[in-house]
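*Asks:* Predicted model and sequence below, questions to follow.
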Amino acid sequence: MNSHPILPGFHPDPSICRVGDDYYLATSSFEYFPGVPIFHSRNLTGWEQIGNVLDRPSQLNVAPGIAGASGGIYAPTLRHHDGVFWMITTNRADLRKGHLIVRADDPSGPWSDPVYTTGAIGIDPDLAWDEDGTCYMTWSMLGIMQSALDPSTGTLLGEPRKLWEGTGLSHPEGPHLFPRNGWWYLVIAEGGTGPGHGVSIARSRFPTGPFEGHPANPFLSHRSTDHPVQNTGHADLVELPDGRWAMVHLGVRPRGAHPKWHVNGRETFLTGIDWVDDWPVPATDAFMAPAPDTSFADEFTGPHLHPRWIAPGVDPRSFVTLRGNADGTPPNGAVLRAGRRPEAREARHLLSVRVRDDEWQATATVPAGDAALVIRIDDAHWAAVERVGDTVSVRMVIGPLDQTLATAEGIAADRPLVVRAVAVPEDFNPRNPPDRLELGFLDGGFHRLAEVDGRYLSTEVAGGFTGRVVGVEALGADAVLTRFAYQAAALS
């Protein structure tokens, strides 16, 4: 398996489908709005985001603050059937409603308002259709459950029944059901989405079972190895036009000294699949995915936000007004409505993007209004370079600790704020973090005000299911963001 993710950064729980020569892939989004980013590819290795499935409040209910962290949207399933795209997922905020289902003729949207599968409680739902057109919903709830379903209404067409217990590893979840060569296969994740994670599979002659497990289960796992990609699991399979098969799955890239830390969340990886005696075998060298180009600069000149922009617990469009012209003539930029008070700890209106690289630099130019450039896991684990008036300071929040680390005065408002990550080389130093975070501003060059240990903004410290994001929030009153740039680069 290539150690480069096809979707780097916080893009877990991938689900994939093919329509002709086109591939579409969706991932989890948790508390961030909009939800369920969706991507397109023609070759499985290069992907472009074409939208977000859940992009309006009538589709998505998420909550801000530490109480909303790692809530919201869990693992989606993306499918195409009879000319229609379907997406089913679980919103932890609406768990008692059942799973939510939306549909679209075009995967870039718009997608319908959701229907809910009342009576089916759990997570990680899947949709599959048999040759007679019967739709089966399969999901995780103390094992793998299944019921026939009318996907257009969410109505269960039978009592839920236990389909498979898994192999005995913890947390059997993330099921996907698909046919091949006279068999129905049920692929699941087991072992928990951590170091013990793996992909297991079972088969039956019927979509309703009984299912027989693969003798080599889990047939993909990197646990207890020194592979640079760990926590591999939560997979979905797809058949290529030439009859070959491929599998997407999540993984993490831990760095630093023991016990290592992963900072950018669970990412999406690709591996090939061979079939031996009608069982899948990973073909780790089938695809060589190049490192994608993740750098970008946004001067907010278009009529809409790029789909990469997200916010924790709130629709970005509710607090961002784009004042730019399509031809780029001034005045350009994004007006950010007042967010948190300067002294507050919890984000209110944070316009952010996923961090996607080991080494990177983010700069934000905010010539009007007070603002913060924030790197965060959640509202209890973040660092920021903040400007209030002509004073620039670096602040860090780790659990109950909240401290200003450095301050500079007399800084002009048009000086860009900077956060950058510098990877720490691997060696045997037990104190080595995964990276160092440097915070400061630009004024003829980079002025570093403070440096912090990156492990404190890692999943191993913060917990949860997401990864780092970096973004801008207006402090106390409205502010104007005229340029945001994210650069993936080796820094010194």
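*Replies:* Here it is on my side, so go on. Everything numeric here is computed off the predicted structure, so don't read it as measured data.

*Asks:* in the sheet, who's paired with the residue lying closest to Thr134 once chain neighbours are set aside?
*Replies:* Spatial nearest neighbour of Thr134, chain neighbours left out: Ala148 (5.7 Å); criterion: C-beta to C-beta, 6 or more residues apart in numbering. No exception for glycine: its C-beta is placed from N, CA and C like everyone else's. Beta-bridge partners for Ala148, by DSSP bridges, are Tyr136.

*Asks:* List the contacts of Ala148.
*Replies:* Contacts of Ala148 were listed using C-beta atoms under 8 Å, 6 or more residues apart in numbering, and they are 134-137, 156-158.

*Asks:* wait, which of those residues is closest to Ala67?
*Replies:* Met137 (29.2 Å; C-beta to C-beta).

*Asks:* my guess is that closest one meets Gln146, correct?
*Replies:* Yes: counting by C-beta atoms under 8 Å, Gln146 is a contact partner of Met137 at 6.9 Å.

*Asks:* Look at those two and report which has more neighbours.
*Replies:* Met137 (28 against 24; other C-beta atoms under 10 Å).

*Asks:* I'd like to know how far the more buried one sits from Ile88.
*Replies:* Using C-beta to C-beta, to the nearest Å, Met137 is found at 7 Å from Ile88.

*Asks:* any residues in contact with both of these two?
*Replies:* 99, 117, 125-127, 151.

*Asks:* could I get those as TSV with neighbour count, distance to His197 and pLDDT?
*Replies:* Output for the shared contacts of Met137 and Ile88, formatted as TSV (neighbours: other C-beta atoms under 10 Å; distance: C-beta to C-beta, whole Å; pLDDT from 0 to 100):
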residue	neighbour count	distance to His197	pLDDT
His99	30	23	98
Thr117	27	26	98
Pro125	26	20	98
Asp126	27	18	98
Leu127	21	23	98
Pro151	20	29	98
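
*Asks:* Now for Thr294, how many residues are close by?
*Replies:* 17.

*Asks:* got any ranges where this structure has weak pLDDT?
*Replies:* The chain contains residues with pLDDT under 70 at 1-2, 324-330, 490-492.

*Asks:* Now do the helices in it.
*Replies:* Along the chain, counting by DSSP state H, helices occupy 459-462.

*Asks:* Report the contact partners of the most far-flung residue of it relative to its centre.
*Replies:* Most distant residue from the mean C-alpha position of the chain: Gly410, 38.7 Å away (C-alpha atoms, centre = their mean). Contacts here follow C-beta under 8 Å, 6+ apart; on that basis Gly410 touches Asp390.

*Asks:* distance of it from Ala384?
*Replies:* Counting by C-beta to C-beta, the gap from Gly410 to Ala384 is 20 Å.

*Asks:* next one: Gly174
*Replies:* Distance from Gly174 to Ala384, by C-beta to C-beta: 34 Å.

*Asks:* more neighbours, these two?
*Replies:* Counted by other C-beta under 10 Å, Gly174 and Ala384 do not tie: Gly174 has more neighbours, with 29 against 25.

*Asks:* Would you enumerate the residues in contact with the residue nearest to the more buried one when sequence neighbours are not counted?
*Replies:* Closest residue in space to Gly174, ignoring its immediate chain neighbours: Ala189 at 3.8 Å, by C-beta to C-beta, 6+ apart. Applying C-beta under 8 Å, 6+ apart, we find Ala189 in contact with 171-174, 197-200, 233-235.

*Asks:* can you rerun that using 10 Å?
*Replies:* Shown in contact with Ala189 (C-beta atoms under 10 Å, 6 or more residues apart in numbering): 13, 75, 124, 140, 166, 169, 171-176, 197-200, 218, 232-235, 249-250.

*Asks:* Out of these, which end up buried?
*Replies:* Buried members of those, counted by 16 or more other C-beta atoms under 10 Å: 13, 75, 124, 140, 166, 169, 171-176, 197-200, 218, 232-235, 249-250.

*Asks:* sorry, back to before: overlap in contacts, Met137 and Gln146.
*Replies:* Common neighbours of Met137 and Gln146 (C-beta under 10 Å, 6+ apart) are 120, 126, 128, 160, 175, 177.

*Asks:* nearest to His80, of those?
*Replies:* Using C-beta to C-beta, those come closest to His80 at Ala128, 11.9 Å.

*Asks:* ok, how many other residues are close to that closest one?
*Replies:* Neighbours around Ala128, by other C-beta under 10 Å: 21.

*Asks:* Contact partners for it?
*Replies:* Here Ala128 is in contact with 77, 79, 81, 134-138, 146, 175-179, 184, 186, 207 (criterion: C-beta under 10 Å, 6+ apart).

*Asks:* swap in Gly158?
*Replies:* So Gly158 contacts 136, 146-149, 208 (C-beta under 10 Å, 6+ apart).

*Asks:* and Ser3, how far is that from Pro14?
*Replies:* Ser3 sits 17 Å away from Pro14, going by C-beta to C-beta.

*Asks:* Among the two, which residue is more densely surrounded?
*Replies:* Of the pair Ser3 and Pro14, Pro14 is the one with more neighbours under other C-beta under 10 Å, namely 28 against 12.

*Asks:* Quick check: that one vs Arg448, distance?
*Replies:* Distance from Pro14 to Arg448, by C-beta to C-beta: 37 Å.

*Asks:* ditto for Gly83
*Replies:* 55 Å.

*Asks:* In strands only, show me the shared contacts of Met137 and Ile88.
*Replies:* Per DSSP state E, strands hold the following members of the shared contacts of Met137 and Ile88: 125-127.

*Asks:* And those, which is closest to Gly440?
*Replies:* Pro125 (45.5 Å).

*Asks:* Before I go, just wanted to say thanks for your time.
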